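Q: Got a sequence here, can you model it:
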Amino acid sequence: MDSGLQSKNLQVETLQWRHLPLLGACELAPFQTQLQLLALRDSPEQLLHWLLPKRPPAPLALVARESGGPICGVLVAVPTNRRGSCWRLDLLQCLGAASSPLAIASLLLKEALERAPGAISWMARREISDEIGLAALREQGFQPLQQQQIWLLKELGQVESCEAIAEPLELQPLTGSNGALLLQLELTATPSQLRQLQDLRSEDLLDDAQAGSCLLVDRQRHQAVAGARLLRRRWGATTELATELELSLHPGWRQLLGPPLGLLLRQAAAQALPVSIRCDSRNAQGLAWLEQQGAEAISEELVLARSLWRRQELVQAPGLASRTLERIVGQWQPGQRPLPEAMRWD
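A: You can find the predicted model right below:
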């Protein structure tokens, strides 16, 4: 048994094969395969990291249980980049009729924050109706950055697209050779505070992309102007049967919001339906466009973050004063004026 944190009768352990028979709760049914793989990988991963210390950190899977009792909570976190500087909370679930779900969730989070090697920042998404999960995250220092709507697209019949893309634009599959263009697009379309927290490089974006992902590239400027990336993650509780599709649109090419972006969406989603798409709740044009394509709004969630860079100044665009991360996060609180940013889908 791990020498994990203990709180009254609760204790936290690394997920192992012996725990799997105890994870029969219906809440975890969509995640059984992933949990089994994580349990089987635990010992080999520890050996590989001992032999290859520069190997990217392995996902972190924890369970909470009462002393001598059943498992009452599960957490899964994964590094978002190869360096392990930023981690993402993929699963935080209290099981059954837990007597104190907030205490369980907080204990799992606290342990994960201490165990994740090299983590400087953390990202998490929770549905706005998940009072327990949001309270546990705030208790551990997470702050809300963004509010998003999740849309589910089951078929392409209503997707409006063009037959071809006009020059100088070209539709290209996402590969290692144009990964740097995707990174430039992501850096342009991502709000500055999220960009700083995630600390992504092109190889990180490619690692999390499935076959079928594609880009719209301006060949004259050698610049990606829009992207549709099929993500490998499948942990979202509301969309466990759907593949996540990340749409990105360069702020200088908003005229593509229509048939050209529809072609990109159709190309990426053709072999991956159903797909879930996240869109910033303030992106009125994007939300209206998704509805016109036949997508269904299924839930709303908050993006939260926690960082050790609280005293580090963020570099703003010319004409904007530098702000600390704390002040930037404060701009997202209710009643505050939002920061200027590009049209953002997720």
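Q: So, low pLDDT: which residues of the stretch 101-250 of the chain?
A: 234-240 (pLDDT under 70).
Q: what are the ranges of the helices in it?
A: Along the stretch 101-250 of the chain, the stretches classed as helices by DSSP state H, counting those that start in this stretch are 101-115, 131-139, 179-189, 192-198, 202-207.
Q: mind checking which of those is nearest N81?
A: N81 lies closest to helix 202-207 among the helices of the stretch 101-250 of the chain, at 4.2 Å (Cβ to Cβ). C-beta coordinates here come from the backbone N, C-alpha and C atoms, glycine included.
Q: what's the domain layout of the chain?
A: 6-119, 151-330 (automatic domain parsing).
Q: Kindly reformat the ones you listed as JSON lines containing mean neighbour count.
A: Shown next, in JSON lines, are those (neighbours: other Cβ atoms under 10 Å):
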{"stretch": "domain 6-119", "mean neighbour count": "17"}
{"stretch": "domain 151-330", "mean neighbour count": "17"}
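Q: would a markdown table of the ones you listed with distance to A136 be doable?
A: Converted to a markdown table, the domains of the chain look like this (distance: least, Cβ to Cβ, whole Å):
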| stretch | distance to A136 |
| --- | --- |
| domain 6-119 | 4 |
| domain 151-330 | 11 |
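Q: wait, which of those is closest to I132?
A: domain 6-119 (4.9 Å).
Q: ok now that closest one, how far from the chain's centre?
A: In terms of Cα atoms, centre = their mean, to the nearest Å, the centre of domain 6-119 is found 17 Å from the chain centre.
Q: swap in stretch 184-202?
A: 13 Å.
Q: and the end-to-end length of stretch 214-233?
A: 17 Å (Cα to Cα, to the nearest Å).
Q: That should have said stretch 263-280, apologies.
A: 21 Å.
Q: Rounded mean pLDDT for that stretch, please.
A: Averaging pLDDT along stretch 263-280 gives 96.
Q: so which of the domains of the chain comes closest to L145?
A: Per Cβ to Cβ, nearest to L145 of the domains of the chain: domain 151-330, 5.1 Å.
Q: how close does E127 get to G133?
A: As judged by Cβ to Cβ, to the nearest Å, E127 and G133 stand 8 Å apart.
Q: quick one: which of the two has more around it?
A: G133 (24 against 16; other Cβ atoms under 10 Å).
Q: nearest spatial neighbour of the more buried one, skipping sequence neighbours?
A: R126 (4.5 Å; Cβ to Cβ, 6 or more residues apart in numbering).
Q: Likewise for A180?
A: S202 (5.0 Å).
Q: Was I right to think the one you found contacts G179?
A: Yes: in terms of Cβ atoms under 8 Å, S202 counts as a neighbour of G179; the distance is 3.9 Å.
Q: Now the common contact residues for these two.
A: Here S202 and G179 have no joint contacts, going by Cβ atoms under 8 Å, 6 or more residues apart in numbering.
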